[in-house]
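Trainee: would you be able to build a 3D model of this:
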Amino acid sequence: MPGLYKDEGIVLGRIKLGEADRIVTIFTRSNGKVRAVAKGVRKTKSRFGGRLEPFTLVDLMFYRGRSLDTITAASVIESFSPVRDDYAAFTAASALAEVTDKVTEERERGFQTYSLLRAGLQALARGKVETIVPAFMVKLLSVSGYHPSLVVCAGCGEGGGLVGFGPGLGGAVCGSCRFEDESAFRLSPDRLQLLAHLLSSDFGQTAEPQATIDVTHALRRYAEYHLERPLRSLSMLVAT
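Mentor: As a prediction, the model looks like this:
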């Protein structure tokens, strides 16, 4: 039928609409980020049941609308229920969902982003929470056009003496260039090495808790500088 299309996607979030409906934000495999109305989803006898919970991977049927699409059918492919049952995994998944929502534009197809988000949630469901958030962030920023320089100075291009991170210049900075970027802050060489390792490795790597906090904080400041908007869910993971 005209206007109908099928896709699979991961629920990023949802907000109330009227007395019984919700607007659901979904990152889909083929259509990018889609905002769609799920009618009657808040009713006790809703035909959607719990299929549109945050972080759920669902098979969907949409009806394309002028401003918002409408979800006409949904079935669960993967629930990721262990993520919602564990506080640490839930807060990490919330960060993944928010970063994805803030970085991406509506209807902009991004199969790499979809694959990263799915892999990140799968890793969280396996209980490998430790470095998932910074690993996801540095990978997503890289594929989304915000790739940070991690092994050479973003200012002068030199490969040695890296002592900080400058969002304005685009990543790692040496001692001299650090003072040329008002947004720059100190970040030790071992933290920069950890970021480079997370970028090139699969999810599930281990790191010291403080090192994980430090690189997550650095990526938060880097992302907020370039996106020009706050990432509130990350405040539950690192101190501001």
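
Trainee: how far off centre is the strand or helix carrying residue 121?
Mentor: Using DSSP states H and E, residue 121 maps to helix 111-125. With CA atoms, centre = their mean, to the nearest Å as the basis, helix 111-125 stands 9 Å off its chain's centre.

Trainee: show me where this protein has strands.
Mentor: 4-17, 21-28, 32-38, 57-63, 69-78, 162-166, 171-174, 185-186 (DSSP state E).

Trainee: save these as JSON lines, and put in distance to residue 214 and mean neighbour count too.
Mentor: In short, each C-beta sits where N, CA and C put it, glycine included. Shown next, in JSON lines, are the strands of the chain (distance: least, CB to CB, whole Å; neighbours: other CB atoms under 10 Å):
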{"stretch": "strand 4-17", "distance to residue 214": "27", "mean neighbour count": "17"}
{"stretch": "strand 21-28", "distance to residue 214": "28", "mean neighbour count": "22"}
{"stretch": "strand 32-38", "distance to residue 214": "30", "mean neighbour count": "21"}
{"stretch": "strand 57-63", "distance to residue 214": "31", "mean neighbour count": "20"}
{"stretch": "strand 69-78", "distance to residue 214": "32", "mean neighbour count": "17"}
{"stretch": "strand 162-166", "distance to residue 214": "10", "mean neighbour count": "26"}
{"stretch": "strand 171-174", "distance to residue 214": "14", "mean neighbour count": "27"}
{"stretch": "strand 185-186", "distance to residue 214": "10", "mean neighbour count": "14"}
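
Trainee: ok, residue 106 - contacts?
Mentor: 32-35 (CB atoms under 8 Å, 6 or more residues apart in numbering).

Trainee: where does pLDDT dip in the protein?
Mentor: 1-2, 238-240 (pLDDT under 70).

Trainee: which residue sits closest to residue 220, ignoring its sequence neighbours?
Mentor: The spatially closest residue to residue 220, leaving aside those adjacent along the chain, is residue 234, at 4.7 Å (CB to CB, 6 or more residues apart in numbering).

Trainee: help me confirm that that neighbour comes into contact with residue 96.
Mentor: No: with contact defined as CB atoms under 8 Å, residue 234 does not count as touching residue 96 (10.4 Å).

Trainee: and for the two, which residues touch both?
Mentor: residue 133.

Trainee: just the buried residues of the helix holding residue 121, please?
Mentor: Going by neighbour count (16 or more other CB atoms under 10 Å), the buried part of helix 111-125 is 113-114, 116-125.

Trainee: next: stretch 155-163.
Mentor: 155, 162-163.

Trainee: and that stretch, end to end?
Mentor: 12 Å (CA to CA, to the nearest Å).

Trainee: likewise for stretch 177-185?
Mentor: 11 Å.

Trainee: can you list the domain ranges for the protein.
Mentor: According to automatic domain parsing, the chain comprises the domains 4-80, 82-236.

Trainee: quick check: end-to-end length of the shortest one?
Mentor: In domain 4-80, first residue to last residue: 27 Å (CA to CA).

Trainee: could you check how far that domain is from the centre of its chain?
Mentor: On CA atoms, centre = their mean, the centre of domain 4-80 falls 18 Å from the chain's centre.

Trainee: contacting residues for residue 40?
Mentor: Counting by CB under 8 Å, 6+ apart, residue 40 has contacts 20-21, 46-48.

Trainee: how about residue 195?
Mentor: Residues counted as contacts of residue 195 (CB under 8 Å, 6+ apart) are 134, 138, 148, 150, 215, 218-219.

Trainee: just the buried residues of the top helix by length along the chain, please?
Mentor: Longest helix in the chain, counting residues (DSSP state H): helix 209-227. Using 16+ other CB under 10 Å as the test for burial, helix 209-227 gives 211-212, 214-224, 226.
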